[in-house]
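Engineer: A structural model of the following input is requested.
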Amino acid sequence: MSLAYETLGTGPLGRELRVCVSPIHKFGTDAFLLADFAGARRKDLCADLGTGCGIIPMILYKKYFPKKIYAVELQPEAAAQCRETVSCSGAEETVFPIEGDLRRLGDAIPAGSLDLVTCNPPYKTAGTGLLNEDPGRQLARHELSCTIDDVCAAAARILKFGGRLCVCHRPERLADVVCAMRAHNIEPKRLRFAAKNAGALPWLFLMEGKLGARPFLRTEPLLCSMNPDGSFTDEMLKIYGNIQSVDENSR
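Structural biologist: Down below sits the predicted model:
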């Protein structure tokens, strides 16, 4: 498999990170939006479920300096890339790759221990849409080995009471995400849609739920990614930071 490296420049944060990518396991805009939406505190214990090449843990590591981040990945090739990413960026004391199924984590992550869980899940339900010929892309795009209910069940087990689950998903799956969160005592608390511009239909939503919280959902302003001239908005440039390149077609 052909591997390459994308560099997350140092900038004012003082950390240059190299992310190991391949034609199958790479990253796009969704990961940056989710990492920015989720944030983290310095004392937080975090996990990213279905981490792929490890892009979300590395952004959290670079921008927010959390105490620990578990990076969980099922596919061996992607897990190997994640380990390489962590190693070549010197993040071994903060980011801990776990190769395994999020549905069967066992003692790899202690129950009730985390402050934040993130997940950029497969967007399409099994049996819908065209399946890519590559098995890796199939697992990344379709709920073949992991459903949004599986994600919420795993998060509910490893989060502390009041801990946060942050996910991104396609707008047509909004009801599914809300139902899955509530089925596992994770109350949706914050919602934001992303669109190309104010006149376009949203192509993504970001949602934060809290374990054991009371019902109250806050909808945040629309996130617009492009200016009328086709350039990135100021907010998108801030989210990207010093990232040198982003693959818009990673999904």
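Engineer: and the nearest residue to Gly54 once chain neighbours are set aside, what helix or strand is that in?
Structural biologist: Using C-beta to C-beta, 6 or more residues apart in numbering and skipping residues adjacent in sequence, the residue nearest Gly54 is Cys82, 3.7 Å away. No exception for glycine: its C-beta is placed from N, CA and C like everyone else's. In the assignment (DSSP states H and E), Cys82 maps to helix 76-88.
Engineer: what's in contact with that helix?
Structural biologist: Outside helix 76-88, the residues within contact range by C-beta atoms under 8 Å, 6 or more residues apart in numbering are 1, 3, 5, 17-22, 24-25, 51-55, 57-58, 71, 73, 91-92, 95-97, 99, 136.
Engineer: same check, this time on stretch 150-164
Structural biologist: By C-beta under 8 Å, 6+ apart, the residues outside stretch 150-164 that reach it are 38, 47, 49-50, 102-103, 105, 109-117, 119, 121, 165, 167, 180-181, 183-186, 208-213.
Engineer: hang on, the earlier thing: could you pull up the mean pLDDT of the helix holding Cys82?
Structural biologist: Averaged across helix 76-88, the pLDDT comes to 92.
Engineer: buried stuff in that helix?
Structural biologist: 77-86 (16 or more other C-beta atoms under 10 Å).
Engineer: swap in stretch 181-191?
Structural biologist: For stretch 181-191, by 16+ other C-beta under 10 Å, it's 181, 184, 186-191.
Engineer: could I get these as CSV with secondary structure, distance to Lys238 and pLDDT?
Structural biologist: Output for those, formatted as CSV (DSSP: H, G, I helix; E, B strand; the rest coil; distance: C-beta to C-beta, whole Å; pLDDT from 0 to 100):
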residue, secondary structure, distance to Lys238, pLDDT
Met181, helix, 28, 98
His184, coil, 33, 98
Ile186, strand, 28, 98
Glu187, strand, 29, 98
Pro188, strand, 26, 98
Lys189, strand, 23, 98
Arg190, strand, 19, 98
Leu191, strand, 21, 98
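Engineer: Closest one of the residues you listed to Leu174?
Structural biologist: Distance to Leu174 across those (C-beta to C-beta) is lowest for Leu191, with 8.2 Å.
Engineer: partners of the closest one in the sheet?
Structural biologist: Bridge pairing for Leu191 (DSSP bridges) gives the partners Met207, Thr219.
Engineer: ok, it touching Leu206?
Structural biologist: Yes: contact status for Leu191 versus Leu206: in contact at 7.3 Å, counting by C-beta atoms under 8 Å.
Engineer: Tell me the confidence at Glu16?
Structural biologist: In this model, Glu16 is scored at 70, pLDDT.
Engineer: can you count the residues close to it?
Structural biologist: Residues lying near Glu16 (other C-beta atoms under 10 Å) number 14.
Engineer: got it, and Phe96?
Structural biologist: Neighbours around Phe96, by other C-beta under 10 Å: 18.
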